[in-house]
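Undergrad: Could you look at this predicted model? Sequence included:
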Amino acid sequence: MRQAGNRSPITERYPAQVFVPMIDSLAVFVGGYFAHYIRFGTFDVHERFMTGMILISVFVVMANFIDDAYVRWRTTRLSTILFRLVGVWLIVTLIATSIIYLAEASVRYSRLWLGMTMAFSLVLAGGFRVAVMLALKSARAKGMNLRGVFLVGPGQNLLNVGKSMRNTPGEGFAISGVQRLNDKPSQALLDCLSRRVEASGAREVWLCLPLEMGSTVRQIVHALRHQTVEVRFIPEFGEIQLLNHQISEVAGRFAIDLSVTPMVETARFIKRAEDIFLGLLFFLLSLPVCLLIALTLKIQSPGPVLFKQYRMGINGKQFKVYKFRSMEVHEEGSGQVTQARRGDPRVTKFGAFLRRTSLDELPQFYNVLQGRMSIVGPRPHALAHNEQYKELVESYMKRHKVKPGMTGWAQVNGFRGETDTLEKMERRVEHDLWYINNWSLWLDLRIIFLTIFKGFINKNAY
């Protein structure tokens with residue numbers, strides 16, 4: 001386990017709230033000058049373009065502060081930092097374009113110059129963030145820029161937190177001291193803890209306590225009242241399966257979210273915009289193929305072209321999912337749904353081809369445009385399977401905190417097709433929950449890419 005060294009912490013001497021805004025402003029000016037040279041062939045920038053760069057830099061810095069993008073980066077993933085950066089740049093570009101249009105200044109300002117300025121400055125600002133995060137990761141691996149943490153809690157909890165710290169070395173936390181605490185602490189132990197924390201030089205104290213010891217938190221916080229250390233409560237939830245866990249505020253009170261959907265506010269808007277844009281694009285591109293498949297089905301097999309079945313969507317709401325029919329028309333008992341198996345006699349030859357290549361799923365782009373499904377998300381199962389597996393898999397219904405998808409993290413990792421064992425379903429649900437907890441636009445694009453170039457043809461689909 002790494003110990004916190006005595007070297008001066010870089011992030012304390014040069015806080016992001018001061019240093020990074022200066023870099024962002026510089027990026028705007030460098031990008032503006034470079035764009036001016038490409039557009040007009042000279043670095044001799046006219047006063048009106050200089051004024052434009054000043055206003056853009058002010059908007060960029062203000063938007064970043066409003067978005068809390070300049071908060072401490074130690075515990076923030078690089079992908080999140082870059083995602084916020086792109087969002088800020090897009091908003092500022094929209095604002096600048098609107099101002100130019102409303103002020104009827106398009107003659108005085110080149111839209112090409114504005115576009116190139118924003119693009120170049122975004123690359124520079126993003127490159128700076130990547131370089132800083134990589135440099136900090138390297139420095140922390142060498143024992144520099146570490147932030148000392150004093151851990152308090154039962155032995156097993158301390159081991160769990162210590163393991164998590166080892167798995168995230170880039171965050172730069174190091175253990176400065178440990179106090180095992182299995183029962184309600186005595187006053188003598190609290191006084192000793194206060195002295196040990198002060199002597200350790202730790203910047204933070206983490207209370208790694210189970211929920212049943214929640215009352216102990218107040219005692220420890222009181223014991224540390226004369227110190228300036230930051231105190232964090234890291235509760236141990238035991239066997240509780242968490243989903244998108246975080247701290248939120250409801251009715252003016254702080255709450256620990258244990259199982260909530262990540263698709264709120266900005267995330268929901270981005271996800272829906274992604275579904276509309278890509279869904280419409282893929283729908284139009286696949287339309288000729290869909291017409292050809294429909295014609296072939298009509299010629300080769302009697303019965304409807306589309307297979308329609310109710311599935312469970314977000315928050316347990318049922319909806320009708322569409323697929324190209326891949327089986328002979330047949331009836332099953334009420335509430336019974338038999339999964340397709342290898343060599344299933346119900347599957348037609350052309351239907352087998354459609355299932356292997358996932359072409360039978362193309363009508364679901366209509367479900368996406370309806371808003372019933374997403375392009376990426378947990379695959380919707382038959383209602384009968386939901387009733388079966390929600391009793392067998394502890395966190396099965398948490399899959400329905402988001403819209404079901406045409407493809408998902410489980411599918412591109414090999415968990416596609418028949419789930420003939422409980423273990424396979426458990427692994428599929430495990431991957432679905434990982435996706436929900438780690439959702440981002442970039443993860444969706446990665447899954448779409450893998451679906452096209454890796455998961456389009458799958459040996460498990462039959």
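TA: Sure thing, it's come through. Numbering: from 1, shown residues only.
Undergrad: What's the first helix or strand after the lowest-mean-pLDDT helix or strand in the chain?
TA: Across the helices and strands of the chain, mean pLDDT, DSSP states H and E gives its lowest value to helix 10-13, namely a mean of 44. Toward the C-terminus, helix 10-13 is succeeded by helix 16-40 as the next helix or strand (DSSP states H and E).
Undergrad: From the contact counts, what lies against that next one?
TA: Packing contacts for helix 16-40, counted by 3 or more CB pairs under 8 Å, 6 or more residues apart in numbering; DSSP states H and E, involve helix 47-66, helix 111-141. Quick note: C-beta positions are derived from backbone N, CA and C, even for glycine.
Undergrad: and Leu211, which of those helices is closest to it?
TA: When those are compared by CB to CB, helix 111-141 sits nearest Leu211, at 31.5 Å.
Undergrad: which residues make contact with the following helix or strand past that closest one from outside it?
TA: Toward the C-terminus, helix 111-141 is succeeded by strand 147-153 as the next helix or strand (DSSP H and E). Counting contacts by CB atoms under 8 Å, 6 or more residues apart in numbering, the residues outside strand 147-153 that touch it are 4, 9, 74, 158, 161-162, 165, 172-181, 193, 196-197, 200-209, 220, 229, 236.
Undergrad: can you rerun that using 6 Å?
TA: For strand 147-153, contacts defined as CB atoms under 6 Å, 6 or more residues apart in numbering pick out 4, 158, 172-179, 181, 197, 200-209.
Undergrad: next one: stretch 77-85
TA: Here stretch 77-85 makes contact (CB under 6 Å, 6+ apart) with Asp67, Ala69, Gly126, Arg129, Met133.
Undergrad: again, only using 7 Å
TA: Stretch 77-85 is contacted by residues Asp67, Ala69, Trp73, Ala125, Gly126, Arg129, Val130, Met133, Ser440, Leu441, Trp442 when judged by CB atoms under 7 Å, 6 or more residues apart in numbering.
Undergrad: Quote the end-to-end distance of stretch 379-391.
TA: Using CA to CA, to the nearest Å, the span of stretch 379-391 from its first residue to its last is 18 Å.
Undergrad: ok, back up a step: from the contacts of stretch 77-85, list the buried ones, please.
TA: The neighbour-count test (16 or more other CB atoms under 10 Å) marks Ala69, Trp73, Ala125, Gly126, Arg129, Met133, Leu441 as buried among the contacts of stretch 77-85.
Undergrad: What separation is there between the third one and Val429?
TA: Yep, that's Ala125 we're talking about. From Ala125 across to Val429, the span is 39 Å (CB to CB, to the nearest Å).
Undergrad: Wait, a helix at Arg72?
TA: No. Assessed by DSSP: H, G, I helix; E, B strand; the rest coil, Arg72 does not belong to a helix; its assignment is coil.
Undergrad: roughly how far apart are it and Leu124?
TA: When distance is defined by CB to CB, Arg72 is 22 Å away from Leu124.
Undergrad: can you give me the strands for the stretch 251-400 of the chain?
TA: Along the stretch 251-400 of the chain, the segments classed as strands by DSSP state E, counting those that start in this stretch run 253-257, 306-312, 318-324, 374-376.
Undergrad: among the ones you listed, which gets the worst mean confidence?
TA: Ranked by mean pLDDT, these bottom out at strand 253-257, with a mean of 73.
Undergrad: Could you list the paired strands of it along with their orientation?
TA: Here strand 253-257 has these sheet partners by DSSP bridges: strand 246-250 (antiparallel).
Undergrad: Check the offset of the strand it pairs with from the chain's centre.
TA: Here the centre of strand 246-250 is set off from its chain's centre by 18 Å, with CA atoms, centre = their mean, to the nearest Å.
Undergrad: Likewise for stretch 299-319?
TA: Between the mean C-alpha point of stretch 299-319 and the mean C-alpha point of its chain there is a distance of 30 Å (CA atoms, centre = their mean).
Undergrad: Kindly check the end-to-end length of it for me.
TA: From the first residue to the last, stretch 299-319 extends over 29 Å; the measure is CA to CA.
Undergrad: Any idea how many residues pack against Met263?
TA: Residues within reach of Met263, counting by other CB atoms under 10 Å, total 21.
Undergrad: Confirm for me that it is in contact with Ile270.
TA: No. Because the distance of 9.3 Å does not satisfy CB atoms under 7 Å, Met263 is recorded as not touching Ile270.
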